[in-house]
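# please find the sequence and the predicted model below.
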Amino acid sequence: MGDMTTDHKIVTHNVDISSIPNHEKPRKNRFAFGCAVLASMIYVLLGYDIGVMSGAVIFIQHDLRINDVQVEILMGIINLYSLIGAIVAGRISDLIGRRYCIVIAAVIFFIGALLMGLAPNYAVLMLGRFVAGVGIGFGVITPVYIAEISPPASRGFLTSFPEVFINAGILLGYVSNFAFSKLPEHLSWRVMLGIGVIPSVLLGFGVLTMPESPRWLVMQGRLGEANRVLLRVSDSKDEAELRLAEIKAAAGIPDHCNDEVVQVSKQSHGEGVWKELIVHPTPSVRRVLIAAVGIHFFQQSSGIDTVVLYSPRILKKAGITGNSALLGASVAVGFVKTMSILVATFLLDRIGRRSLLLRSVGGMIVCLVLLATSLTIIDHHEEEKLTWAIGLSIAMILAFVASFSIGLGPIAGVYCAEIFPLRLRAQGVSVGGAVNRVTSGVVSMTFLSLTKAITVGGAFYLYAGVASVAWLFFYTFLPETRGRTLEEMDKLFAEFNWRSTAQRRDGASGTSKGSPIELESL
């Protein structure tokens, strides 16, 4: 199958996975760690936009004299715009590589941030939101890149970095709001939004220092280059050889084919992917797609973006007054959210995705119910200042973002990036990202109207109901993926039986001999 274009050969061996050292205490590969950090910087841009808009809109509404409907559109429309970038990112990344797709994201966002910072009116501001949204959409390919370079033992840790950087960006946005709130009204929001050009420049140059994804290189038939990258991002030479052998098998390249460059089938290049993913999926691919779409839909429909985007309004409803106090309290929300996600990064490869996810969503349900109850009580006693209800509201806002960030926040991206087969991974993650952004946009653009229709408390009762459905979905449809290689996921979803959730776990991988693959129990 290989056309040799150079005299160089690469060597791979059939390595039994049992010969690889135990991964209970994984040694973090520093080079893979650095690549994950650089790639994840694209999510600082998304997080910064979410955080900064929550405060900037206070000044935008007064300066540009826009109404609540225009505010809703301004806040949420960037998520719908990002759908454009998310849809095409998968195909483009298959054509030019994961790395250059991230560079494109940084360049587009740079232009968008510049337009927003210099916007003289609402129309130009919306144009900037459109351009920035497309750039953010391209960023959905980042978890794919990180998952494809990560050693199996630390994949959950490294693939959670995008969510860490989203939260860091949100916190920076909140701090920016507080820092520039004293500037003249017409200048403050423009400075807040314009500063977004700085991380996009750093990202664009930083990504160029990273290697390309070894799995993408194999899809192009560039085995020698893929082998050299794997040697740098794996924890041992044996692990690198095993990973290369598995990727070759997934790409349809014979194990004995060890040329530097080989010819690969069109399917390995990505042709026919949409047909296989959407039109005529196999049962296992269908289950993977349902899991990916479901986890991204429920991540956003549980109301997290309403708390982050509208935190000043919610805190004002809870009893905090004054712009400085509101923006300062928002910083506290961002701080708690960021600290919680840091905790999650160390739990993903120890506790497992599924168990952590169920605990996280369970905590979110409790917090949403208590937040809705306290806000409803405050609503019914407007003439009184119920200190206990105000305190409970603030505590539940902080507890809610912590519960989200310790599980559902990072796991959605981690899980989606690791469950798709190699040939479908880029487009599959794009579909998940598109669902995520559309759901976020709809939730963000309807929150103010929803609160007018059923009150703020009623809106959070609704989100609690959605989170309850999410818990049942995750319990029923999502198998544990911890400790498995990316190439094993197709078999996992082909064999797992949701009824086995009631069975006891057998081993860290959640499998039992001679029976359908079990889902890891709580």
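Nice, thanks for sending it over. Numbers count the residues shown, from 1 in each chain.

# show me what contacts Ile149?
Ile149 is in contact with Ala32, Cys35, Ala36, Leu158, Pro211, Ser213, Pro214, Val229, Val233, counting by Cβ atoms under 8 Å, 6 or more residues apart in numbering. C-betas here are computed from N, CA, C, even on glycine.

# and Thr306, by the same measure?
Counting by Cβ under 8 Å, 6+ apart, Thr306 touches Ile314, Val443, Ser444, Phe447, Ala459, Tyr463.

# redo that, cut-off 7 Å
Contact analysis of Thr306 by Cβ atoms under 7 Å, 6 or more residues apart in numbering lists Val443, Ser444, Phe447.

# ditto for Arg232
Phe31, Pro211.

# ok, now Ala372?
Contacts of Ala372 (Cβ under 7 Å, 6+ apart): Gly457, Phe460, Tyr461, Ala464.

# still on that earlier bit, now that we have the contacts of Thr306, which one has the most neighbours?
The residue in those with the most neighbours, by other Cβ atoms under 10 Å, is Ser444 (27 neighbours).

# thought that residue was touching Ile304?
No - under the criterion of Cβ atoms under 7 Å, Ser444 makes no contact with Ile304, lying 10.2 Å away.

# report the lowest-confidence entry in the contacts of Thr306.
Lowest in pLDDT among these is Ser444, which has 86.

# mind listing what it touches?
Counting by Cβ under 7 Å, 6+ apart, Ser444 touches Met75, Gly76, Asn79, Asp305, Thr306, Leu309.

# rewinding a little: okay if I get the contacts of Thr306 as JSON lines plus distance to Gln427?
Formatted as JSON lines, the contacts of Thr306 follow (distance: Cβ to Cβ, whole Å):
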{"residue": "Val443", "distance to Gln427": "25"}
{"residue": "Ser444", "distance to Gln427": "26"}
{"residue": "Phe447", "distance to Gln427": "31"}
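
# can I get those residues in CSV with distance to Leu327 and secondary structure?
Below are these laid out as CSV (distance: Cβ to Cβ, whole Å; DSSP: H, G, I helix; E, B strand; the rest coil):
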residue, distance to Leu327, secondary structure
Val443, 23, helix
Ser444, 19, helix
Phe447, 19, helix
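
# still on that earlier bit, neighbour-wise, give me the winner out of the contacts of Ser444.
Neighbour max across these (other Cβ under 10 Å) = Asn79, 28 neighbours.

# that one: helix or strand, and which one exactly?
helix 68-96 (DSSP states H and E).

# can you name the next helix or strand after that helix?
In N-to-C order, the element after helix 68-96 by DSSP H and E is helix 98-117.

# so which elements touch that next one?
Here helix 98-117 touches helix 42-64, helix 68-96, helix 122-138, helix 142-149, helix 185-194, helix 197-207, going by 3 or more Cβ pairs under 7 Å, 6 or more residues apart in numbering; DSSP states H and E.

# any buried residues in it, and which?
Neighbour-count burial for helix 98-117 flags 98-106, 108-117 (criterion: 16 or more other Cβ atoms under 10 Å).

# could you dump that helix to CSV, C-alpha only?
Taking C-alpha atoms only, helix 98-117 is exported to CSV below (Å, rounded to 0.1, in the frame of the first residue of the first chain):
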residue,chain,number,x,y,z
ARG,A,98,-5.8,21.0,13.1
ARG,A,99,-3.1,23.5,13.8
TYR,A,100,-3.8,25.9,10.9
CYS,A,101,-7.5,25.7,11.7
ILE,A,102,-6.7,27.2,15.1
VAL,A,103,-4.6,29.9,13.5
ILE,A,104,-7.5,30.8,11.3
ALA,A,105,-9.7,31.1,14.4
ALA,A,106,-7.3,33.5,16.0
VAL,A,107,-7.0,35.7,12.9
ILE,A,108,-10.8,36.0,12.5
PHE,A,109,-11.4,36.7,16.2
PHE,A,110,-8.7,39.4,16.0
ILE,A,111,-10.6,41.2,13.3
GLY,A,112,-13.9,40.8,15.2
ALA,A,113,-12.5,42.2,18.4
LEU,A,114,-11.0,45.2,16.6
LEU,A,115,-14.4,45.9,15.0
MET,A,116,-16.2,45.7,18.4
GLY,A,117,-13.7,47.9,20.1
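
# which residues are contacting that helix?
Contacts for helix 98-117 (Cβ under 7 Å, 6+ apart): 39, 42, 45, 89, 92-93, 124-125, 127-129, 131-132, 134-136, 138-139, 141-142, 144-145, 190, 193-194, 196-197, 200-201, 203-204, 207-208, 210, 212-213, 216.

# among these, name the buried ones.
Among those, those scoring as buried are 39, 42, 45, 89, 92-93, 125, 128-129, 131-132, 134-136, 138-139, 141-142, 144-145, 190, 193-194, 196-197, 200, 203-204, 207, 210, 212-213, 216 (criterion: 16+ other Cβ under 10 Å).

# ok, back up a step: of the contacts of Ala372, which is the nearest to Ala292?
When these are compared for distance to Ala292 (Cβ to Cβ), Ala464 wins out at 24.0 Å.

# okay, now the nearest residue to the closest one once chain neighbours are set aside: neighbour count?
Setting aside the residues directly before and after it, Ala464 is nearest to Leu368 in space (Cβ to Cβ, 6 or more residues apart in numbering), at 3.7 Å. Leu368 has 27 neighbours, counted by other Cβ under 10 Å.

# wait, Leu356 touches Gly407, no?
Yes - between Leu356 and Gly407 there is a contact at 4.8 Å, judged by Cβ under 7 Å.

# what about those two, which has more around it?
More crowded of Leu356 and Gly407, by other Cβ under 10 Å: Gly407, with 29 against 21.

# let me know the secondary structure of the closest residue to that one other than its chain neighbours.
Using Cβ to Cβ, 6+ apart and skipping the chain neighbours, the partner closest in space to Gly407 is Ser360 (2.2 Å). Three-state assignment for Ser360 (DSSP: H, G, I helix; E, B strand; the rest coil): helix.

# likewise Glu212?
With three-state DSSP as the criterion, Glu212 reads coil.

# tell me how many other residues surround the residue nearest to Gly407.
Number of residues near Ser360 (other Cβ under 10 Å) recorded here: 25.

# which ones are touching the spatially closest residue to Leu424 that is not a sequence neighbour?
Using Cβ to Cβ, 6+ apart and skipping residues adjacent in sequence, the residue nearest Leu424 is Leu277, 5.2 Å away. Leu277 is in contact with Val285, Leu289, Leu424, Gln427, Gly428, counting by Cβ under 7 Å, 6+ apart.

# the same query, at a cut-off of 10 Å, please.
Going by Cβ atoms under 10 Å, 6 or more residues apart in numbering, Leu277 touches 90, 285-286, 288-289, 420-421, 423-424, 427-428, 430-431.

# buried stuff in the helix or strand where Leu327 lies?
Using DSSP H and E, Leu327 maps to helix 323-347. Using 16+ other Cβ under 10 Å as the test for burial, helix 323-347 gives 323, 326-338, 340-341, 344-345, 347.
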